[in-house]
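Asks: How does the following fold in three dimensions:
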Amino acid sequence: MPSPGEWLRKLREELHLTNTEVDRLTAEIARGKSNRKYWIGRNRLRTIEGGKTVPNIFEVDSLAECYRVTFRAVLDAFGIKLGDLSDVRKSSLESAGIAEHPLVFETQELRFGFPFLSQISFEETRLLTETAEELGVPAAVLPRLNGGRYRFGVIGLNDYTMGELVPPGSLVVIDTEQCTVAMSEYKSVRERPIYFVWHDKGYSCSWCYQEGDTLMLVPYPTSRQPVMILKMPRGATITGRVIHVWSPVVPTEDSTRLG
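Replies: The predicted model follows:
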């Protein structure tokens, strides 16, 4: 079991960030928030990774943003519980605008951007047979992928069905236990469940609407893609709900055409 400092170092190395780059990124965060406490200098980062000190709440927020994990994930790594914080620290946290987010797959709060392995094909939207390790999924996430519940899929480089929500070239995590379309009202497009669906033309990643045995695959409004109408179960099968999206580090050449 790695120490909190080793865990942070491993996350940084997986994102190919140097101490100097973290220094620069957190300095930008500090300037954006007009608060120097968010800045983590190179020497300060070395002491945190070396286990010689614990980051304060402002540094935790900066680390979470730089390493693309949740604020709660960094707190948990260092054994800090929000319930254990003093009233003064809780007040500081709230005034700093730092939100509490649970580290669970169902919340879609964990996001990473990382270069995909060259042998993975993104020519079409499909399910993957590769393991999480083979895909280069960050070590901090691997313990969450247990029990065979989760599958991975890729979004083809020419698949603009879900627009900016699930851009072409993305790697998605699919919860195979959520294979029934949830029908309810949503406050925003980001709250509406996205599903990975097999049909006779291949796979699609989209919003869904179901009425009886009729399944409609609903695209993102700006994608300019048509609604697909399929018959279940012979013409379509819901593989599961997309609960995480890891977008490509470098956008595809045609990404600017969206909208």
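
Asks: Can you report how many residues lie near residue 8?
Replies: Residues contacting residue 8 under the criterion other CB atoms under 10 Å number 24. Any C-beta I mention is one placed from the backbone N, CA and C, and that applies to glycine too.

Asks: buried set for the helix or strand containing it?
Replies: For residue 8, the element it lies in under DSSP states H and E is helix 4-14. The neighbour-count check on helix 4-14 (16 or more other CB atoms under 10 Å) flags 4, 5, 7, 8, 9, 10, 11, 12, 14 as buried.

Asks: same question, stretch 190-197
Replies: For stretch 190-197, burial by neighbour count (16+ other CB under 10 Å) applies to 193, 194, 195, 196, 197.

Asks: can you give me the strands in the stretch 1-150 of the chain?
Replies: Taking DSSP state E, counting those that start in this stretch to define them, one finds strands in the stretch 1-150 of the chain at 126-127, 150-154.

Asks: want to try JSON lines for those strands, with mean neighbour count, distance to residue 189 and mean pLDDT as columns?
Replies: What follows is the strands of the stretch 1-150 of the chain, written out as JSON lines (neighbours: other CB atoms under 10 Å; distance: least, CB to CB, whole Å; pLDDT from 0 to 100):
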{"stretch": "strand 126-127", "mean neighbour count": "16", "distance to residue 189": "24", "mean pLDDT": "92"}
{"stretch": "strand 150-154", "mean neighbour count": "21", "distance to residue 189": "20", "mean pLDDT": "88"}
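
Asks: among the ones you listed, which is nearest residue 72?
Replies: strand 150-154 (20.2 Å; CB to CB).

Asks: list the helices and strands the closest one packs on?
Replies: The helices and strands touching strand 150-154, judged by 3 or more CB pairs under 8 Å, 6 or more residues apart in numbering; DSSP states H and E, are strand 126-127, strand 171-175, strand 236-246.

Asks: That's all I had, so thanks and see you.
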